[in-house]
Structure formats: C-alpha cells, structure tokens
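Q: Quick one, structure for this:
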Amino acid sequence: MTSAISSHLHCRERCRAGTCFRLMRWWQCCGCTSLVGVANVYRREFGCARNTVRRYLREGGAAPFKQPARSAFDGLDDWLRERFFRHDGNADVIRQELASEHGIIIGLRSVELRVRRRESEAQKRATVRFETAPGYQMQIDFGDTKVWIGGERVRVHLFVATRYSRRIHTRASLRGRQADWFEGVEGAFLRFGWVPTEVLIDNAKALVEHHVAVTREVRFNARLHAFDRYWGFTPRACAPYRARTKGKDERGVGYVKKNAIAGRRFESWAAFEAHLDRWTREVADQREHGTTGAKPAERFADEAKALRPLAGRAPFRQLRDLVRKVQADCAIDLDTNSYSVPWRLIGESVQVVVLAGRVVIRHAGQR
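A: This is a model prediction of the structure:
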C-alpha cells in the first residue's frame, strides 16, 4: 500500500506542504490502525518527522495558524531610532512624542523596555574610537601578572599610563594600593615633563567610592581629590563594565605583559625595574604603532607643544592635606603651633595644606 501512496503525487505534495494529517486519516480508512506503523511509514515515505506524525494523530490535526499580535511600535523602527539618539534615550520624552505625533497612548514602562532594548543593542554594536586632542588626556590602569624574580614566581602589579602619542609609562609594584596609583601617575608626569588636563581612570576602589552605571554619578575618594587639586588635573572615571571606553590603556597593559615581560626571568627586583625602563625607551617608544602608523617618540614631538609644564612641584607624598576646626580664640592648632584665622570662621571647618614647610589655610576654596 505504500506504493499506492507514492503514486498519488498530489497527496505527496500536500503532505510536504504540512497537511500530513488528512493523508494519515486516509491511510487509517484503508485499514492501518497502528500509530507506530503509520508514523514509521510516513516518516520514510514523505520525510515527515515521526514525532510530528504522532502529534498530528493525537491532536486530531494541525493547529490553525495564529497571526502574531501587533505591537504599538510596528512600522516605527526608523522613527524610534532617530528619537532615541535625539533625546539621548529619554523614554518619557519619546512616550510624549508618540502620543502627539502618532496618536499612540502607551505606558511609560512599555517605552522604557523598548528603549532599554535598543540601548543594549547599540552598546553591543558600538565600539567607536574616541581620540582626544594632544596633551589633553592621560589614561591609567593597573594589571597584574606573575614574573620570575630571583628564582621565584612573584605576583606583580603593573601600572600603565598612556596618552595621545601612545608613549607609555609603566611602573611595577607588589601591591595595588592608592599610594601605588599616585606614585605611578606622578612617575608619568615626571617622565614626560607635563600634566594633562584630564586623567581617565578605572573604577578601582582605591580611587572611586561610588559610580552609578545608569546616571553616571561618580564620587571620587577624598584623597584623590586632594591629589588632583595639587597637580591641577580633572579625574574622570570610565563607564562601569565598559572597559573599551578606556581602550588605549587596556591594550597598553596587555602589551606590557606580552612584550616586556613574556617569559623572561630576572635576577632581582632592581633588574626587573631596569628592564622595564630600558624596554619602554628602546622598544615601546620606538615601535610603529598599529593604530597611528607612527612611532610614539616621533608623535610625542607634536604632542609636547600642547603640554603644561610641571612647574617644579614636589611629590604629593610630601603634602599633608588636613581639616581643622576653628576654635573660639580664632585659631587652629597644627602639631605644636597655633595659626590665627578671621573671627567670622569660629566654629567652621577649614582645609589646611602643608608642603615644604609652608602652611596654607582655605575655607570654601578661599585662602
């Protein structure tokens, strides 16, 4: 009887089109009542999956096709894309314009979900190279690796700073404390003889106390604020979980690990530091950079014209940044000395900065 079915080409085409159930009923009318037998025959003869055949027999036929429900946003993809970028992803503004321009009244939550989905897709796709002006920004980061020093594998923290020219400064330490961050930054300033306008940092706990990914609200460590005031730059934290916004430096850490260290062994810590210094000068600064196509040392010649000089500042670790409360005698106490301030500041807190034997007292930013 299988050959009989095969001879009915019209039936074969209907089966391939998804109407196997009617043919199965015809087959049963011809005397076959075995579910397993029907399923196996149709599977072999018409290419239908055995489980599909069994499901059709159990359910009494194929389920009717249901048209998917229409979305309120159907046909508005281009409009939504344009308004998303115009209003910087503000869902409430988009909701208002949906009502005024298209007559679509919809809840804010529905618009927020659509906007969030589009924002997520945009973030996954977008990896835009962001290039700052010469001398404007320096990017810093820490990475760790294990290095053979004195016959032992030692975990080393690597501070790496890079800038417009792609010249790098790297410093090794045994920890990643706040003091190590500061010494790395100061080392970069001293190496290149300049202070940038802005320093882009990672969200390290030693520097950033609080950073909200959605609102981009950032609260830096108080000590970092004292450090940036002393050197005269503005700190900026990269977006949380978006390390690619700090691409120069993320790649710089990997470059130091894979090129400067690789599988090398060093007799002592001093030998390791000397190697990093020589490698930076002779290799990193002299290579042809893959992005810029130029040697960092040569590109730095153009960047140097836009740099701000150090003005002979001493290292920050010599600075003491304190807070004192003005007493009723119009004075503050510091160590064994007393310093007079205006009487109107009685009971107020003032900032006291001590550096190289000089004491500066400020209140509300004024001396």
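
Q: count of residues packed around residue 235?
A: 19 (other CB atoms under 10 Å). Where C-beta positions appear, they are placed from N, C-alpha and C, glycine not excepted.

Q: Distance check, residue 252 against residue 345.
A: 46 Å (CB to CB, to the nearest Å).

Q: Comparing the two, which residue is more hemmed in?
A: residue 252 (24 against 16).

Q: so that one is in which element?
A: Using DSSP states H and E, residue 252 sits in helix 247-255.

Q: mean confidence score for that helix?
A: On average, the pLDDT along helix 247-255 is 66.

Q: what mean pLDDT does the next helix or strand after that helix have?
A: Next helix or strand after helix 247-255 toward the C-terminus (DSSP H and E): strand 265-266. Taken as a whole, strand 265-266 has an average pLDDT of 93.

Q: Name the next helix or strand downstream of strand 265-266, please.
A: Per DSSP H and E, the helix or strand that comes after strand 265-266 is helix 269-282.

Q: helices or strands up against that next one?
A: strand 137-149, strand 168-173 (3 or more CB pairs under 8 Å, 6 or more residues apart in numbering; DSSP states H and E).

Q: List the buried residues in stretch 274-292.
A: 275, 276, 279, 280, 284, 285 (16 or more other CB atoms under 10 Å).

Q: Over to stretch 84-102?
A: Buried, per 16+ other CB under 10 Å, within stretch 84-102: 84, 89, 91, 94, 95, 98.

Q: ok, the third one - contacts?
A: By that I understand residue 91. 108, 111, 112, 114, 115 (CB atoms under 8 Å, 6 or more residues apart in numbering).

Q: Tell me the most packed of the residues you listed, by neighbour count.
A: These, ranked by neighbours (other CB under 10 Å): first place residue 111, 22 neighbours.

Q: Shouldn't it be within a strand?
A: No. Applying DSSP: H, G, I helix; E, B strand; the rest coil, one finds residue 111 to be helix, outside a strand.

Q: Surely it is in contact with residue 98?
A: Yes. At 7.2 Å, residue 111 and residue 98 qualify as touching, with contact defined as CB atoms under 8 Å.

Q: my read: residue 307 touches residue 133, true?
A: No. Contact criterion CB under 8 Å: residue 307 and residue 133 do not qualify, at 11.5 Å.

Q: Which positions are bridged to residue 142 in the beta structure?
A: residue 159 (DSSP bridges).

Q: Per-residue pLDDT of it, please?
A: 86.

Q: Noted, bye for now.
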